[in-house]
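Participant: Kindly return the folded structure for what I paste below:
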Amino acid sequence: MRKTDSLLEPSVIFARKVDWNLFQVFYEIARKGGIGAAARSLNRQQPSVSAALQRLENHMGACLCIRTSRGIELTIHGHQLFAACRQMYESVQNMPRAISAASGDISGSVSLRVISNLHLQLKLTEILNSFHRQYPRIEINLDVASWRDVLRSLKNGDVELAIGFEDELDPKYMYLPIVDQVQQLYCGPDHPFYGKPPVSPAQLTAHPFVVTKEEPVPYVRFRERHGLGQQIGGFADSLQERMWLIQVGMGIGFLPMPIVEASNFASKLWPLLPTREAPVCTLYFMAAASNIRSAPAQLLLDTALAQLGETRVASASTAA
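Facilitator: Have a look, this model is predicted:
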């Protein structure tokens, strides 16, 4: 060790001496779950990847992973280093984006698959306004679909970002809560309970329901718990058409209360349940947690994170 090295912190010496490329190799090993898969991803020979892992373990002074018949299993030290490498990777990935954004050169387009009536959500309006002010050359394409198709598009990789609801939150995805919505049960003007005080679910067991073709789990659970919807009066995936069928008397059905109250149907639909008993569901801004995103998509996600906070939920109720 040189004399000057003896005056430095061990962490500074480590940072100067370690080959930073080793962290990239380890990141790929941990991310891909095996040395062979990492070698293919890096376009390197498997022995060189194994040697790089050994060098990094020597530098760290700890075993980072254990080879098994299924690939590799990270040790506790490996998990800690993988988290640090992920942060390093994201920082390096963001460098060109940050430089381009600073120079105002970012252009392109970003597509989102979304549920309908999002213009009524003030937080989303603020996000899009802020994004457009910062990146006026980026085009935003909104593709409206049913709540289930929104999820399919995100999970199939058809879109990078989505806004909608989810039944069971998946750790592979990032969920930024936008708003909790009361899902009220409504009837139309010809219904016997229209204009009357709220009723209990037990009073509605004989009434037909208007439903979506793929009902969200919270709707199904509520109906099953109270014995509701034994008779189906109509199907409609579109929220507007569902409100319409309920209005004309095809049946009663669940609808998001804030949307109904802001719609042209507000005076034609009547809430049946006490608000405190109605299901509450969360609207999410969603993205794959670890995917490499395009610059426009990442910038929009960054804007959403800045507006909504970095809350990444582990579980929640959902709806359509």
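Participant: In contact with the residue nearest the centre of the chain, which residues are there?
Facilitator: Nearest to the mean C-alpha position of the chain, by CA atoms, centre = their mean, lies Met286 at 2.3 Å. With contacts defined as CB atoms under 8 Å, 6 or more residues apart in numbering, the neighbours of Met286 are Leu154, Leu161, Ala162, Ile163, Gly164, Glu166, Tyr173, Met174, Tyr175, Leu176. Any C-beta I mention is one placed from the backbone N, CA and C, and that applies to glycine too.
Participant: can you redo these as TSV with pLDDT and secondary structure?
Facilitator: What follows is these, written out as TSV (pLDDT from 0 to 100; DSSP: H, G, I helix; E, B strand; the rest coil):
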residue	pLDDT	secondary structure
Leu154	90	helix
Leu161	94	strand
Ala162	94	strand
Ile163	94	strand
Gly164	90	strand
Glu166	86	coil
Tyr173	89	strand
Met174	89	strand
Tyr175	92	strand
Leu176	93	strand
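Participant: sorry, back to before: need the nearest residue in space to the residue nearest to the centre of the chain, chain neighbours excluded.
Facilitator: Ranked by CB to CB, 6 or more residues apart in numbering and with sequence neighbours excluded, the top spatial neighbour of Met286 is Ala162, at 4.7 Å.
Participant: go on, Gly71?
Facilitator: In space, and not counting its chain neighbours, Gly71 is closest to Gly34: 3.5 Å by CB to CB, 6+ apart.
Participant: That neighbour contacts Ile72, correct?
Facilitator: Yes - taking contacts as CB atoms under 8 Å, Gly34 lies within contact range of Ile72: 5.7 Å.
Participant: what about the strands in the stretch 101-250 of the chain?
Facilitator: Under the criterion DSSP state E, counting those that start in this stretch, the stretch 101-250 of the chain contains strands at 108-114, 138-144, 161-164, 173-187, 209-211, 232-235.
Participant: Is it possible to get JSON lines of those that adds distance to Gln298 and mean neighbour count?
Facilitator: Formatted as JSON lines, these follow (distance: least, CB to CB, whole Å; neighbours: other CB atoms under 10 Å):
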{"stretch": "strand 108-114", "distance to Gln298": "9", "mean neighbour count": "20"}
{"stretch": "strand 138-144", "distance to Gln298": "11", "mean neighbour count": "14"}
{"stretch": "strand 161-164", "distance to Gln298": "9", "mean neighbour count": "25"}
{"stretch": "strand 173-187", "distance to Gln298": "12", "mean neighbour count": "21"}
{"stretch": "strand 209-211", "distance to Gln298": "37", "mean neighbour count": "25"}
{"stretch": "strand 232-235", "distance to Gln298": "38", "mean neighbour count": "16"}
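Participant: Distance check, His77 against Gly61.
Facilitator: 9 Å (CB to CB, to the nearest Å).
Participant: Could I get the pLDDT score of Ser290?
Facilitator: Ser290 is assigned a predicted lDDT (pLDDT) of 68.
Participant: And for the one 4 residues further on?
Facilitator: For Ser294, the pLDDT comes out at 84.
Participant: so how far is Glu160 from it?
Facilitator: Ser294 sits at a distance of 7 Å from Glu160 (criterion: CB to CB).
Participant: Which residues are in contact with each of these two?
Facilitator: Here Ser294 and Glu160 share the contacting residues Val110, scored by CB under 8 Å, 6+ apart.
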